[in-house]
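Q: sequence below, structure please.
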Amino acid sequence: MKSRRRYKRFDCPFAVKFRPTYGAKDYFSGSAMDLSCEGLGISARDFRFILYENLELVIGPDGGGDTASVFGDIVWKKQEGKGCLAGINFRMKDRGIQEAILGGIFARSNIPVDYLYSPDPDYSAPDKTGGQPAAYAPVSAPKGIYRLGLIRKYDHSGAKCTVTFRLLRDMARNVRNVAIAGDFNDWDPSRSFMTRLENGDFVISIELGTNREYRFRYLIDGKLWVNDPYADKFVRNGRGTKDSVVIV
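A: The predicted model follows:
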């Protein structure tokens, strides 16, 4: 595996909560074996990973602190005693989004985000005290919690799921309004305007029936259609473009 890695990986004392995105309600617990800008390795007990399954992950330092929420696909798995190991590829396609999330994850180290994209495998962060290089000298953590992607909350019966859709501020700079249209509102954006948060993101929560897929897109200022980069998948439509899909 090491010979195939394009970017540095760091041994990280991070706890990981995760759950499959297709219908799971509760989170499972594991620990990060290593992490790079492409993904991470997970070690978990009492869980059997499924190859190519999509996971929602919440990553944070052991002992508490700020966390980051990401989505990723299982690209390899391995049974090891009573535990199970898996390699996860992040589903972050935008460099700006990647840097924001990874910056939060590495908030307690002095590793600059740019170094995560360097192929140098021998990097160790400089020790500001003048001693030997130290890979994880603590620094202050940023405030706030990173919450990205489609967030699902299932009811007790499992028949309904409230999905929170979020259009990041990087995709909606200097806009007046954003609406969402899809199978769940007859593709009528006037029925589902999104709320602008203080940080510039737009969000909306919609209750959906489970065990099905919904196509959707965002409409910016009534004229520009965009997809959600964190959608579960993308499918072609009859207009020669693609729609985002959420699976609940």
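
Q: phi, psi for Trp225 please.
A: Backbone torsions of Trp225, given as degrees, to the nearest 10, read phi -90, psi 130.

Q: who's it bridged to?
A: Leu219 (DSSP bridges).

Q: can you tell me how far it is from Val75?
A: Trp225 sits 31 Å away from Val75, going by Cβ to Cβ, to the nearest Å. Backbone N, C-alpha and C define where each C-beta goes, glycine included.

Q: what does Phe47 give?
A: 17 Å.

Q: those two - which one has more neighbours?
A: Just comparing Phe47 and Val75: by other Cβ atoms under 10 Å the higher neighbour count belongs to Phe47, 16 against 13.

Q: tell me, how many residues neighbour the closest residue to the more buried one other than its chain neighbours?
A: In space, and not counting its chain neighbours, Phe47 is closest to Phe28: 4.8 Å by Cβ to Cβ, 6 or more residues apart in numbering. Using other Cβ under 10 Å, Phe28 has 17 neighbouring residues.

Q: surely Phe28 and Asp46 touch.
A: Yes. In terms of Cβ atoms under 8 Å, Phe28 counts as a neighbour of Asp46; the distance is 7.3 Å.

Q: doesn't Gly103 fall inside a strand?
A: No. In this structure, Gly103 is helix, not part of a strand, as judged by DSSP: H, G, I helix; E, B strand; the rest coil.

Q: now Arg176, what's its secondary structure?
A: Criterion first, three-state DSSP; result for Arg176: coil.

Q: gap between it and Ile50?
A: Taking Cβ to Cβ, one finds Arg176 at 43 Å from Ile50.

Q: who has more neighbours, those two?
A: More neighbours surround Ile50 than the other of Arg176 and Ile50, with 12 against 9 (other Cβ under 10 Å).

Q: secondary structure class for the more buried one?
A: coil.

Q: pLDDT score for it?
A: At Ile50, the predicted lDDT confidence score is 84.

Q: and the closest residue to it other than its chain neighbours, what helix or strand is that in?
A: Distances taken as Cβ to Cβ, 6+ apart place Ile74 nearest to Ile50, at 6.6 Å, with adjacent residues excluded. Element membership for Ile74, per DSSP states H and E: strand 68-80.
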